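Novice: Sequence plus the predicted model coming up.
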Amino acid sequence: MPWVRTAVTEFGRLPPGVSVPPPGPASRRLAARLRRVESRNVTWLGDDFPIFWEEARGANVRDADGNVYLDLTAAFGVALLGHRDAGVAEALRVQGGRLVHGMGDVHPPGSKVVFLEGLVDLLENAGFHPREGCRALLASSGSEAVEAALKTSHLATGRPGVVAFRGGYHGLTLGALSTTARAYFRMPFRQRLREEQVAWGTFPVSADSLEESLHEVEVWLADGLPGGVPVGTVIVEPVQARGGVRIPTPGFGERLTSLARKHGVVLVADEIYTGLGRCGSVLASQRVGLDPDLVCLGKVLGGGLPMSACVGSTSVMDAWPASPGEALHTSTFLGHPLACAAGSAVLARVAGGLPQAAEELGGRLRTALVGALGSLGGVREVRGMGLLLGIELEAGGGVKVAKEALRQGLLVLPAGDQGEVVELSPPATLTRQQERAAVEGLVRSIGTVLGSG
Ligand SMILES: Cc1ncc(COP(=O)(O)O)c(C=O)c1O
């Protein structure tokens with residue numbers, strides 16, 4: 001099948017498309033150079049992967065060969081506002097002209113204060129601990145926000161045990177990794193991970209497994225983990241994203257919250273993927289009945305710059321003692337001025353209707369995909385919440401579709417422990433034309449993969 005590229009894009013109308021499938025010669029040359037200089041385990045360099053990005057606008061990405069793609073990943077879920085959003089770009093221009101780096105926890109940039117006020121206001125207005133108020137601890141990556149949550153919870157409870165869930169992904173730094181479920185990531189580092197301090201329960205996606213899941217969690221909270229380790233933390237994604245867009249069965253969120261309260265355990269919602277509008281509300285926790293003490297945010301938060309946060313009720317966050325002059329937990333780039341400026345532009349958009357836009361677009365995409373794929377043999381389920389959607393196929397199907405979709409001009413990622421899900425987390429800014437192209441391209445790609453057995 002010849003490589004077809006999107007004719008009308010946010011870069012303007014393009015000359016007729018090239019006829020070689022991606023990656024083109026420029027991407028191949030970059031891959032050869034990268035192979036020499038990057039650690040072997042980072043970028044997967046295959047015959048048909050990857051393309052190298054040069055430019056991105058809205059939902060379009062242009063690669064080193066000039067080919068244009070429709071990005072249905074928002075680059076790992078980050079670009080919910082679209083790539084190079086005008087408000088973010090302007091905030092960066094202004095901040096970049098004044099101060100590019102500051103001293104986050106010593107002589108902080110003013111933009112850190114503005115950003116934190118915006119973040120706390122947004123969450124409190126959305127119903128996150130509005131009465132007692134909340135405080136935040138900033139970081140740069142999602143994994144670091146999880147580290148901050150685990151440390152906060154440990155200070156608040158003094159109990160080292162953590163209950164997490166199978167299918168959960170919380171990051172790859174050592175502390176976060178110790179709670180990430182997939183053995184693939186943990187195995188090589190097991191001896192460093194204090195595995196006796198973590199247990200993984202069942203994340204119930206159907207009513208059948210709800211009671212058993214909650215019972216198991218309750219035993220751990222009441223009696224400690226096997227070996228007697230007392231539990232101070234429950235960490236859960238409201239919707240498991242990288243685990244395959246897995247939505248918990250109704251009742252799970254409310255009952256997990258009650259169990260955490262009853263046993264005095266800190267409940268952490270890892271909203272790094274789901275938060276800030278992705279799932280159709282400021283926090284996805286609100287949609288699945290979770291009432292967490294702490295939330296971890298990242299991805300969308302920095303508008304494309306590295307920014308993450310652990311935000312919690314004041315009473316739990318105040319487990320951190322006042323600083324005597326040397327912070328117990330900080331980092332060189334904490335409260336980075338550029339990321340704070342970009343982040344403030346993002347927060348204004350989240351407060352100004354971004355979650356609703358995500359919900360509407362996600363609803364239309366889901367309806368169209370269910371209509372086109374729902375009865376296709378080989379498609380197990382089309383599901384989603386807001387603008388986080390998953391199409392479940394057989395094991396490995398998501399990986400095959402990601403490669404085929406690239407040839408069709410679409411960027412998608414596989415998800416799920418067995419690469420069985422096509423994960424979609426596009427920008428909320430897709431035009432109607434892009435929306436149609438997305439559905440048509442996905443249906444063609446999945447049809448090709450299923451047809452070729
Ligand atoms: C739910 C969740 N938690 C944590 C992380 C880790 O974030 P980062 O890759 O920025 O460290 C991710 C990344 O995909 C995630 O989806």
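Specialist: Arrived safely, thanks for sending.

Novice: hey, let's count contacts and neighbours off CA atoms from now on
Specialist: Noted.

Novice: which bits of this structure sit near the ligand?
Specialist: Ser141, Gly142, Ser143, Tyr169, His170, Gly171, Ala241, Arg242, Asp270, Glu271, Ile272, Tyr273 (CA under 6 Å from any ligand atom).

Novice: Could you list which residues are in contact with the residue nearest the centre of the chain?
Specialist: The residue lying closest to the centre of the chain (CA atoms, centre = their mean) is Tyr273, at 2.2 Å. Tyr273 makes contact with Gly77, Ala241, Leu297, Gly298, Lys299, Val300, according to CA atoms under 8 Å, 6 or more residues apart in numbering.

Novice: And Arg33, which helix or strand is it part of?
Specialist: Assigned by DSSP states H and E, Arg33 belongs to helix 25-37.

Novice: buried ones in that helix?
Specialist: Ser27, Arg28, Ala31 (16 or more other CA atoms under 10 Å).

Novice: So which of the contacts of Tyr273 wins on neighbours?
Specialist: For these, the largest number of neighbours (other CA atoms under 10 Å) sits with Gly298, at 31 neighbours.

Novice: Just the residues of the chain next to the ligand: which are in strands?
Specialist: Members of these lying in strands (criterion: DSSP state E): Asp270.

Novice: Now, the residues of the chain next to the ligand that are in helices?
Specialist: Among the residues of the chain next to the ligand, DSSP state H puts Gly142, Ser143 in helices.

Novice: If we only consider the residues of the chain next to the ligand, which is nearest to Thr330?
Specialist: Ser141 (12.8 Å; CA to CA).

Novice: Contacts only, for the closest one.
Specialist: Gly298, Lys299, Pro306, Met307, Ser308.

Novice: what does Arg93 give?
Specialist: By CA under 8 Å, 6+ apart, Arg93 has no neighbours at all.

Novice: Confirm that it sits in a strand.
Specialist: No. Read with DSSP: H, G, I helix; E, B strand; the rest coil, Arg93 is helix and lies in no strand.

Novice: how about the helices in the stretch 301-450 of the chain?
Specialist: 314-317, 337-351, 354-373, 397-407, 432-451 (DSSP state H, counting those that start in this stretch).

Novice: and Gly228, which of the ones you listed is closest to it?
Specialist: helix 314-317 (24.5 Å).

Novice: so what does that closest one touch, helix or strand wise?
Specialist: Helix 314-317 is packed against strand 134-139, helix 142-157, with contacts defined by 3 or more CA pairs under 8 Å, 6 or more residues apart in numbering; DSSP states H and E.

Novice: Indicate the residue of the stretch 351-453 of the chain located nearest to the ligand.
Specialist: Residue nearest to the ligand within the stretch 351-453 of the chain (CA to the nearest ligand atom): Ala415, separated by 10.5 Å.

Novice: And that residue, how far from Pro204?
Specialist: The span separating Ala415 from Pro204 equals 18 Å under the rule CA to CA, to the nearest Å.

Novice: So for the two, which residue has more residues nearby?
Specialist: Ranked by neighbour count (other CA under 10 Å), Ala415 and Pro204 place Ala415 first, with 25 against 22.

Novice: Can you give me the end-to-end span of stretch 239-246?
Specialist: 6 Å.

Novice: Give the buried residues for stretch 191-201.
Specialist: Residues of stretch 191-201 classed as buried: Leu193, Gln197, Val198, Ala199, Trp200, Gly201 (neighbour count, 16+ other CA under 10 Å).

Novice: Just the closest of these to the ligand, please.
Specialist: Trp200 (15.3 Å).

Novice: wait, is the closest one part of a strand?
Specialist: Yes. Applying three-state DSSP, one finds Trp200 inside a strand.

Novice: quick one: it and Val163 touch, right?
Specialist: Yes. Judged on CA atoms under 8 Å, Trp200 makes contact with Val163 at a distance of 5.9 Å.

Novice: Where does pLDDT dip in the stretch 351-453 of the chain?
Specialist: 453 (pLDDT under 70).

Novice: Would you quantify the distance from Pro188 to the ligand?
Specialist: 18 Å (CA to the nearest ligand atom, to the nearest Å).

Novice: So that residue: helix, strand or coil?
Specialist: helix.

Novice: follow-up on the earlier one: select from the contacts of Tyr273 every entry located in helices.
Specialist: Mapping the contacts of Tyr273 onto helices (DSSP H) picks out Gly77.

Novice: Turn the contacts of Tyr273 into a markdown table, including pLDDT.
Specialist: Formatted as a markdown table, the contacts of Tyr273 follow (pLDDT from 0 to 100):
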| residue | pLDDT |
| --- | --- |
| Gly77 | 98 |
| Ala241 | 98 |
| Leu297 | 99 |
| Gly298 | 98 |
| Lys299 | 98 |
| Val300 | 98 |
